[in-house]
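*Asks:* turn this into a structure:
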Amino acid sequence: MPATFVLVHGAWHGGWCYARVAERLRARGHRVVTPTMTMSGATLSSHVGEIVDVMRNDDVQHAVLCGHSYGGLVISGVVEAVPERIDALVFLDAFVPGDGQSLHDLVAEAQRERQIAAAAANGGLVPPNSAELFGVNEADRAYVDSMCVPQPLVTFREGLRLTGARERVAHKTYLRAGNYRSIPFDAARDAVTGAPGWVVESIPSGHDVMIDAPEELAAALVAAAERAGLA
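*Replies:* Numbers count the residues shown, from 1 in each chain. Model (predicted):
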């Protein structure tokens, strides 16, 4: 049975980063949507709204909704808006915010300060982290660096109003990038480990799992769909 996957990228990236995963999922007969969120003038709320609009306009139903990194905040907002369209959630090396939390609430003070200073020097935009910093494999670093774009600081500072819609989704998966050291993502993983409805797994890759390990990620996404009875 074909499933529908909506794959939401993280900060500085675009839908392009999921191309290899989407190819593999489509080859298995699944439907895949890989939107690119607008960066110019964006807020976290506008990013949530863009994904909601895509799901409504494309008549997405019974979706497996996956968010990478910053995308974990986005999908947490999306499920608040259209819970009836989502049957499973996948947090891919992602932030899992609580009510009122922003990305900057979930990272170290030093990272916040670096991004605030960088944005002050770049018209409110935070330049991308390097692919090397994210642990992307050497062969793909130049490609990833060429594709990433600056992101408005405000998207990292805006908090989300959450009422528990995420917790009401019966099937949730946290996929941790096993080769990427990160205290915030370790904390996110540990917070949901053993919680009702959550499956926690690891994929041996850098932070950009979809670039480093597309076959393994495609298999993990299909497994998440199967657990929800969608594939």
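*Asks:* from here on, just use CA atoms for contacts and neighbour counts.
*Replies:* Fine.
*Asks:* and E216, that's in a helix?
*Replies:* Yes - under DSSP: H, G, I helix; E, B strand; the rest coil, E216 falls within a helix.
*Asks:* how about the helices in the chain?
*Replies:* Taking DSSP state H to define them, one finds helices in the chain at 19-27, 44-57, 71-81, 109-120, 141-147, 154-157, 165-168, 183-192, 209-212, 214-227.
*Asks:* could you dump these to CSV with distance to N129?
*Replies:* Below are the helices of the chain laid out as CSV (distance: least, CA to CA, whole Å):
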stretch, distance to N129
helix 19-27, 20
helix 44-57, 19
helix 71-81, 16
helix 109-120, 10
helix 141-147, 8
helix 154-157, 14
helix 165-168, 29
helix 183-192, 16
helix 209-212, 15
helix 214-227, 21
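*Asks:* closest one to H9 among those?
*Replies:* Nearest to H9 among the helices of the chain is helix 71-81 (5.7 Å), distances taken as CA to CA.
*Asks:* which strands or helices does the closest one pack on?
*Replies:* For helix 71-81, the packing partners by 3 or more CA pairs under 8 Å, 6 or more residues apart in numbering; DSSP states H and E come out as strand 4-8, helix 44-57, strand 63-68, strand 86-92, helix 165-168.
*Asks:* please identify which of the helices of the chain is closest to D87.
*Replies:* In terms of CA to CA, the element of the helices of the chain nearest to D87 is helix 214-227, at 8.5 Å.
*Asks:* residues making contact with the closest one?
*Replies:* With contact meaning CA atoms under 8 Å, 6 or more residues apart in numbering, helix 214-227 is reached by 3, 20-22, 24-25, 64, 88, 90, 171-173, 203, 209-210, 231.
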